[in-house]
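In: this one's sequence-less:
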């Protein structure tokens, strides 16, 4: 009976080591707020919200230029480890304007996740530099086809200052959440040239990886099981003698 019990215990230990289930990860909410601009209000309006606007329209029926951030959740979406997932969309509403124009802006993004039911929150801060190019040529960038079809394209430069990554320990596993940055045309970008009289979008992405804090090697568990089995056999032999 003891021998069978020891064998069963070793088998259970080996099975448990090799059959860990992947965590259920959900992106439950993402929001972005413009927390600082240069110049400040009233030259730039909308601070403290997800959309800012600036400038005097330079064409009849035109609009102010603007930045906006829209989070991709809610509703909640499932996230797979080691696969990029979308956090939200940055939009530059690029319209021909007269001064004053935006120079810099700061965006704070709040990302809410659940990992196996445990709620976690990450705060990330992005700095934006804005170049409002002249409304007429010569344009500073002619390398992108169609960029200057409606007037000189503007340049948005963004960088992640803080909150680029965070980690959470849940049930003996470290989960690493990396806010990768803004992607345009399928590639991570540090600058974004935007077309006049268009809504120009870039996607904020992240990725989650995990690493167990300490996982016993299967060979170690097997040796432990065999050692316990041998101990039990020797004990029975000693009794029989």
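Out: Nice, I can see it. Source: prediction; values computed, not measured.
In: For this structure, which segments count as helices?
Out: 2-18, 218-240 (DSSP state H).
In: Which of those helices has the lowest mean pLDDT?
Out: Note on the helices of the chain: lowest mean pLDDT is at helix 2-18, with a mean of 42.
In: For this structure, give me the ranges with low pLDDT.
Out: Low-confidence segments of the chain (pLDDT under 70): 1-20, 162-163, 215-241.
In: Apart from its neighbours in sequence, what residue is nearest the residue nearest the centre of it?
Out: Geometric centre of the chain, nearest residue: residue 206, 2.4 Å, by C-alpha atoms, centre = their mean. The shortest distance from residue 206 to any non-neighbouring residue, by C-beta to C-beta, 6 or more residues apart in numbering, is to residue 179 (4.9 Å). The way it works is simple: take the backbone N, C-alpha and C, and place the C-beta from them, glycine included.
In: now swap in residue 117 and tell me
Out: Nearest non-adjacent residue to residue 117, counting by C-beta to C-beta, 6+ apart: residue 24, 7.6 Å away.
In: and what of residue 110?
Out: Leaving out its chain neighbours, the residue that sits closest to residue 110 by C-beta to C-beta, 6+ apart is residue 31, at 5.1 Å.
In: what does residue 77 give?
Out: Once flanking residues are discounted, residue 77 sits nearest to residue 27: 5.2 Å by C-beta to C-beta, 6+ apart.
In: Repeat that for residue 126.
Out: Among residues not flanking residue 126 along the chain, residue 107 sits closest, at 4.5 Å (C-beta to C-beta, 6+ apart).
In: coming back round to it: my guess is the residue nearest to residue 117 contacts residue 76, does it?
Out: No. Contact criterion C-beta atoms under 8 Å: residue 24 and residue 76 do not qualify, at 10.9 Å.
In: where do the contact lists of these two overlap?
Out: Common contacts of residue 24 and residue 76 (C-beta atoms under 8 Å, 6 or more residues apart in numbering): residue 114.
In: sorry, back to before: run a quick neighbour tally on the residue nearest to residue 117.
Out: 11 (other C-beta atoms under 10 Å).
In: Next one: it from residue 167, what distance?
Out: Using C-beta to C-beta, to the nearest Å, one gets 18 Å for the distance from residue 24 to residue 167.
In: Equivalent analysis for residue 113, please.
Out: Where residue 167 is concerned, residue 113 sits at a distance of 12 Å (C-beta to C-beta).
In: Quick check: neighbours shared by the two?
Out: Listed as contacting both residue 113 and residue 167 by C-beta under 8 Å, 6+ apart are residue 177.
In: Tell me which of these two has more neighbours.
Out: Higher neighbour count among residue 113 and residue 167: residue 113, with 24 against 13, using other C-beta under 10 Å.
In: ok, and the closest non-adjacent residue to the more buried one?
Out: Excluding the flanking residues, the one nearest residue 113 by C-beta to C-beta, 6+ apart is residue 120, at 5.0 Å.
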